[in-house]
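[1] Sequence and predicted model, in that order:
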Amino acid sequence: MTTLPRTILVVDDNPDFLEQMKLQLEAGGFATVTAESAAQARELVVSTGFDLAICDLMMEHADSGFGLAHAIKRKDPRIPVIMVTAVASEAGIAFDAASKGERAWAGADVILDKPVRFEQLIREINRLLKLNA
């Protein structure tokens, strides 16, 4: 029995990061859908099926990723969201999604600092999608 690859929505306003994630995820056996803005991603949330989302925090606005994560969770609360952000290095503000309250506030299941180590990202994807690593 052949199973279809899991689809990951990747949203980031940095085209280099977006392309890097797309190449690495597809090499890892995932299908990808990409968006260069939270606004473009909101359209995809309505029209496209995906199993997990990786979203930048700071796009059109400093908190665009939070709004997008909440929109994804409104569509389907079971879709895991990984927030990636450089806000800690740029503004000195640290976010976490360790507690249930923090995850609900952020709309994300995991928050990772940029630069993201791909091995760490894959571990989180596998954990959230309950895949065998």
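    That came through fine.
[2] Could you check the pLDDT of the residue nearest the centre of the chain?
    Central residue of the chain (CA atoms, centre = their mean): residue 54, 1.2 Å from the mean position. Looking at residue 54, its pLDDT is 97.
[3] The one 4 residues further on too?
    pLDDT, the model's per-residue confidence, is 86 for residue 58.
[4] In three-state terms, label residue 22 for me.
    With DSSP: H, G, I helix; E, B strand; the rest coil as the basis, residue 22 sits in helix.
[5] Tell me how far it lies from residue 43.
    18 Å (CB to CB, to the nearest Å). Backbone N, C-alpha and C define where each C-beta goes, glycine included.
[6] and those two? which has more neighbours close in?
    residue 22 (16 against 11; other CB atoms under 10 Å).
[7] any idea what sits nearest the more buried one, other than its immediate chain neighbours?
    residue 32 (4.9 Å; CB to CB, 6 or more residues apart in numbering).
[8] what do you get for residue 114?
    Sequence neighbours aside, residue 86 is the residue nearest to residue 114 in space, at 4.1 Å (criterion: CB to CB, 6+ apart).
[9] Next one: the one you found, what pLDDT does it get?
    Per-residue pLDDT puts residue 86 at 79.
[10] Thought residue 116 was touching it, still the case?
    No. Using CB atoms under 8 Å as the test, residue 86 is too far from residue 116 to be in contact (9.7 Å).
[11] higher neighbour count, those two?
    residue 116 (19 against 16).
[12] In a strand, that one, correct?
    No. Counting by three-state DSSP, residue 116 is located in no strand; its state is coil.
[13] The residue lying closest to it once chain neighbours are set aside: which element?
    Once flanking residues are discounted, residue 116 sits nearest to residue 84: 5.3 Å by CB to CB, 6+ apart. Using DSSP states H and E, residue 84 sits within strand 81-85.
[14] which helices and strands does that strand pack with?
    Under the contact definition 3 or more CB pairs under 8 Å, 6 or more residues apart in numbering; DSSP states H and E, strand 81-85 sits against strand 52-56, helix 64-75, strand 110-113, helix 118-128.
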